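Visitor: Next come a sequence and a model predicted from it.
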Amino acid sequence: MRIAGLQKTTLLDYPGKVACTVFLAGCNFRCPFCQNAEILDGCPDGIAEEELFSFLGRRRGILDGVCVTGGEPLCGEIAPFLQKIKALGYAVKLDTNGAFPERLKALAAKGLLDFIAMDIKSSPARYPALAGVKCDTAKIKESAAFLMESGIPYEFRTTCVKPLHRPEDFVYIGQWLAGAKAYFLQNFRQSDAVPAKGLSPFSHHEMQALLQLVLPYISNAQIRGE
Ligand code: SF4
């Protein structure tokens, strides 16, 4: 388990819970807008697992949940890791890019997931441009379908990036995820960590226009963070 980092407290990452966020190194995607590009291939100065569990042991009764994010957590076998977190009494939220539906389902079947947040990079046809690699969109769709039928609380979210996203992408996303319980549009944030140049956020009005394209299909879609 390559633990790249730990955010000791967050009120934002796990809906309704006071949580910490654990960043696992490694990812199968290379999104040009990634904010965590320095941990996609590993992390020389990570946190030892014993150190993390010592922290979690001390925070019992103070924190309710643990967000497991990345990178892409499902690049590795994380069931034993999640079992140890659950054994301490924490709820687990998993962030995933949806590329590993079999692993996602296996963790859910073991009762190790209390909340799943899945990135929707773009419309299926535009996935390679947004993920930065060739990817099997059938697997992405399989993960999304699983979230909608699993009974586990979930959300979908898209980071909206200019000029990578076109308005029509949001029509396709809406049609694809029609009836989803929770879908958030999040605007891109420029930072030195982002690997690609020439990207920018949408304006407030542009974000509102993108939301309007989704709402006919996902009636409770929202913009997050504005
Ligand atoms: S899936 Fe997430 S962690 Fe991986 S490259 Fe894309 S934005 Fe970065």
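Guide: Received, thanks.
Visitor: can we go C-alpha only for contacts and neighbour counts from here?
Guide: Noted.
Visitor: Residue numbers of the chain in contact with the ligand?
Guide: For the chain, the residues in contact with the ligand (CA under 6 Å from any ligand atom) are 27, 29-31, 34, 36-37, 70-72, 97, 131.
Visitor: Please name the residues that touch the residue nearest the centre of the chain.
Guide: Centroid-nearest residue in the chain: D95, 3.6 Å away (criterion: CA atoms, centre = their mean). Contacts of D95 were listed using CA atoms under 8 Å, 6 or more residues apart in numbering, and they are 67-70, 72-73, 116-119.
Visitor: Inside helices: which ones of the residues you listed?
Guide: Cross-referencing these against helices under DSSP state H gives no overlap.
Visitor: Make TSV from those and add neighbour count to it.
Guide: What follows is the contacts of D95, written out as TSV (neighbours: other CA atoms under 10 Å):
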residue	neighbour count
C67	24
V68	25
T69	23
G70	26
E72	24
P73	25
I116	22
A117	23
M118	21
D119	20
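Visitor: is it true that the residue nearest to the centre of the chain lies in a strand?
Guide: Yes - according to DSSP: H, G, I helix; E, B strand; the rest coil, D95 belongs to a strand.
Visitor: So for it, what's the pLDDT?
Guide: Model confidence at D95, given as pLDDT, is 98.
Visitor: Bridged to it, which residues?
Guide: A117 (DSSP bridges).
Visitor: Okay, the residue nearest to T137 when sequence neighbours are not counted and L112: tell me how far apart.
Guide: Using CA to CA, 6 or more residues apart in numbering and skipping residues adjacent in sequence, the residue nearest T137 is P124, 6.1 Å away. From P124 across to L112, the span is 28 Å (CA to CA, to the nearest Å).
Visitor: Please identify the residue most distant from the middle of the protein.
Guide: Farthest-from-centroid check, the chain (CA atoms, centre = their mean): R58, 26.6 Å.
Visitor: Could you report the separation of it from the ligand?
Guide: R58 sits 28 Å away from the ligand, going by CA to the nearest ligand atom, to the nearest Å.
Visitor: pull the longest helix from the chain.
Guide: Across the chain, the longest stretch assigned as helix under DSSP H is helix 137-150.
Visitor: mind saving the C-alpha coords of it as PDB?
Guide: Presented in PDB, the C-alpha positions along helix 137-150 are these (Å, rounded to 0.1, in the frame of the first residue of the first chain):
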ATOM      1  CA  THR A 137     -15.500   2.900 -21.700                       C
ATOM      2  CA  ALA A 138     -17.500  -0.300 -21.300                       C
ATOM      3  CA  LYS A 139     -15.800  -0.700 -17.900                       C
ATOM      4  CA  ILE A 140     -16.600   3.000 -17.000                       C
ATOM      5  CA  LYS A 141     -20.200   2.400 -17.900                       C
ATOM      6  CA  GLU A 142     -20.300  -0.800 -15.900                       C
ATOM      7  CA  SER A 143     -19.100   1.000 -12.800                       C
ATOM      8  CA  ALA A 144     -21.600   3.800 -13.300                       C
ATOM      9  CA  ALA A 145     -24.400   1.400 -13.700                       C
ATOM     10  CA  PHE A 146     -23.300  -0.500 -10.600                       C
ATOM     11  CA  LEU A 147     -23.400   2.700  -8.500                       C
ATOM     12  CA  MET A 148     -26.900   3.500  -9.700                       C
ATOM     13  CA  GLU A 149     -28.200   0.100  -8.700                       C
ATOM     14  CA  SER A 150     -26.000  -1.000  -5.800                       C
END
